[in-house]
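Undergrad: Sequence below, structure please.
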Amino acid sequence: APEPDSPSSFAVDNPNVGVEVQVTYTNSLSPPDGGSATNGAGQTFTASNTWVEIFNASGAVLYSESPETFFSDLSPTAMVYDPRVLYDPSANRFIVVYLHGTTSNLTELYIAVSQTSNPAGSWWFYKRPANDGDANLWFDYPQVAYSDGTLTISGNMFLNGGGSSQEVKVYMMDLDAMYAGADAGTVYFDDVEIDEGVDAFSVHPCSYPFGQYGPGLYMVSRQNSNYIGYWYITANFGDGPTLNSYAVETPVTFTAATTADQAGTATNLGVPSRMMNTYVNVDGQDKIHFTYGYSDGNGDNRLLLARLNVTNENFDYETFGLENWDYATPWIMPWAANAASWDGSSLVAFSRVSSTTFPEFRCVIGHPEDGYSSGGSVGIKSGETQIQNTRWGDYIGGGWREGQSDPECWVYGQYGLGNAYGTWLAQISLNIEG
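TA: Here you go, the predicted model:
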């Protein structure tokens with residue numbers, strides 16, 4: 001049955017699953033925290049907390065090593081974790097960000113930039129401390145975006161021993177220098193707050209998926225059940241950027257997500273409430289697209305696909321989910337062959353489970369005003385077992401593929417396998433036979 005929980009749906013051909021492949025994940029660090037990006041040739045860089053793999057367009061493995069081995073030039077001495085992966089179609093380069101260390105004595109950004117569009121080729125590697133001005137804090141849960149000549153990385157800052165986030169720190173780096181293998185200067189913003197003076201949490205800098213934009217860039221965050229915070233950084237790295245903050249009340253209350261039942265076990269899966277991923281559409285009225293999970297108040301966790309017009313602060317949204325199912329970790333990519341043909345639709349990849357099924361990986365086409373595909377969602381990988389862990393997953397990944405005659409994305413997510421996590425990469429496109 002079609003899954004949209006609102007009457008809004010629109011006529012769009014459902015995509016098909018093409019090439020698909022099991023991705024290596026060792027389950028030595030849970031959850032996987034997967035990220036991926038794809039270039040125009042169909043080469044995909046996948047990254048998790050335990051493994052890095054590169055595939056060609058046919059699904060053949062081009063590279064397979066641990067994150068520590070991938071970053072061996074930086075001589076890691078501690079855990080390398082929380083990957084983020086981007087592909088910048090303006091420069092035809094991959095950008096990979098990991099974190100190194102989990103204490104204030106060792107908290108670093110590990111950054112790799114491909115020297116060409118080929119992720120199996122040579123890379124430039126960079127590292128820098130991630131707690132400038134806060135010697136007692138360490139940096140966690142990075143969010144990454146590219147913009148005009150600038151790489152922006154944000155994160156939550158924690159005290160040793162855990163507890164709640166103390167603040168958000170945002171780094172801006174010279175991306176042009178990094179693409180050339182040169183020393184990259186850095187500026188940063190400390191103690192990032194929303195308009196009301198409340199400390200921010202999990203702030204997402206926004207890329208434009210079809211290339212760089214600027215000068216400056218946008219950032220966005222889900223602050224609570226009723227407010228979205230967003231920020232505008234006024235200039236590129238090196239041009240004296242300043243940070244302006246704003247807050248927008250959502251049209252309705254989106255309650256924090258809860259937990260999800262799964263078959264075969266009494267272990268419930270935690271559903272993240274934080275914003276998953278974002279991008280901006282720079283079409284003259286800049287619009288920030290984003291998604292997250294929420295509780296519908298009736299025992300189910302659903303998905304929100306939304307768009308904030310920063311020109312007039314209009315908030316468009318559509319929700320998604322079937323009764324008696326739980327949804328989590330929605331990841332969005334533009335659903336278009338190119339920027340000129342993009343109508344604001346997204347491919348939404350997500351995790352789904354119920355009390356009679358195992359955790360699975362699916363996707364659907366959605367639009368923040370028009371709803372979701374009337375055909376419902378498409379299965380990518382069915383769950384084979386329960387996940388014996390209360391953490392369902394913090395995030396999944398995926399990326400848009402440029403240069404195709406029809407919309408195409410490659411998505412990287414997780415499912416239940418061996419009473420733990422399996423990870424799966426799949427091509428999603430109209431230009432393949434189902």
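
Undergrad: quick one: low-confidence ranges for the protein?
TA: Residues of the chain that meet the criterion pLDDT under 70 lie in 1-9, 196, 433-434.

Undergrad: Provide the contact partners of stretch 256-269 at residue level.
TA: Under the contact criterion C-beta atoms under 8 Å, 6 or more residues apart in numbering, stretch 256-269 has outside partners 225, 270-273, 293-295, 299, 301, 326, 328, 353-359, 385-392, 416. Where C-beta positions appear, they are placed from N, C-alpha and C, glycine not excepted.

Undergrad: Please identify the buried residues of it?
TA: Using 16 or more other C-beta atoms under 10 Å as the test for burial, stretch 256-269 gives 256-258, 260-262, 268-269.

Undergrad: Using CSV, write out the CA atom coordinates for it.
TA: Coordinates of each C-alpha in stretch 256-269 appear next as CSV, following Å, rounded to 0.1, in the frame of the first residue of the first chain:
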residue,chain,number,x,y,z
ALA,A,256,11.1,13.9,19.3
ALA,A,257,11.3,10.4,18.0
THR,A,258,11.2,7.5,20.5
THR,A,259,12.1,3.8,20.0
ALA,A,260,11.1,1.1,17.5
ASP,A,261,10.0,-2.5,18.0
GLN,A,262,11.6,-5.2,15.8
ALA,A,263,10.8,-8.9,15.3
GLY,A,264,12.5,-11.6,17.2
THR,A,265,13.7,-9.6,20.2
ALA,A,266,12.7,-7.4,23.1
THR,A,267,15.5,-5.0,22.2
ASN,A,268,14.0,-1.7,21.0
LEU,A,269,15.9,0.4,18.5
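
Undergrad: How far does that stretch sit from its chain's centre?
TA: On the basis of C-alpha atoms, centre = their mean, to the nearest Å, stretch 256-269 sits 23 Å off its chain's mean C-alpha point.

Undergrad: for stretch 123-140, same thing?
TA: Centroid displacement of stretch 123-140 relative to its chain, using C-alpha atoms, centre = their mean, is 20 Å.

Undergrad: which stretches of the stretch 251-400 of the chain form strands?
TA: Applying DSSP state E, counting those that start in this stretch to the stretch 251-400 of the chain gives strands spanning 259-260, 269-270, 278-281, 287-295, 301-309, 314-320, 326-334, 346-353, 360-367, 371-373, 378-381, 397-400.

Undergrad: Make a markdown table from these and add distance to T116 to it.
TA: Converted to a markdown table, the strands of the stretch 251-400 of the chain look like this (distance: least, C-beta to C-beta, whole Å):
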| stretch | distance to T116 |
| --- | --- |
| strand 259-260 | 42 |
| strand 269-270 | 40 |
| strand 278-281 | 24 |
| strand 287-295 | 29 |
| strand 301-309 | 34 |
| strand 314-320 | 38 |
| strand 326-334 | 23 |
| strand 346-353 | 27 |
| strand 360-367 | 30 |
| strand 371-373 | 36 |
| strand 378-381 | 30 |
| strand 397-400 | 17 |
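
Undergrad: Of these, which is nearest I233?
TA: Closest of the strands of the stretch 251-400 of the chain to I233 is strand 278-281, at 11.9 Å (criterion: C-beta to C-beta).

Undergrad: same for the closest one, what does it pack against?
TA: If contacts are counted by 3 or more C-beta pairs under 8 Å, 6 or more residues apart in numbering; DSSP states H and E, strand 278-281 sits against strand 217-222, strand 287-295, strand 326-334.

Undergrad: rerun at 7 Å
TA: Other helices and strands packing on strand 278-281, by 3 or more C-beta pairs under 7 Å, 6 or more residues apart in numbering; DSSP states H and E, are strand 287-295.

Undergrad: Which strands and helices lie in contact with the strand it packs on?
TA: strand 217-222, strand 278-281, strand 301-309, strand 326-334.

Undergrad: Can I get the ones you listed in CSV including mean neighbour count?
TA: Listed next are the helices and strands packed on strand 287-295 as CSV, based on neighbours: other C-beta atoms under 10 Å:
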stretch, mean neighbour count
strand 217-222, 26
strand 278-281, 24
strand 301-309, 23
strand 326-334, 26
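
Undergrad: Let me have those strands in JSON lines, extended by distance to G161.
TA: As requested, the helices and strands packed on strand 287-295 are arranged in JSON lines below (distance: least, C-beta to C-beta, whole Å):
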{"stretch": "strand 217-222", "distance to G161": "25"}
{"stretch": "strand 278-281", "distance to G161": "31"}
{"stretch": "strand 301-309", "distance to G161": "30"}
{"stretch": "strand 326-334", "distance to G161": "27"}
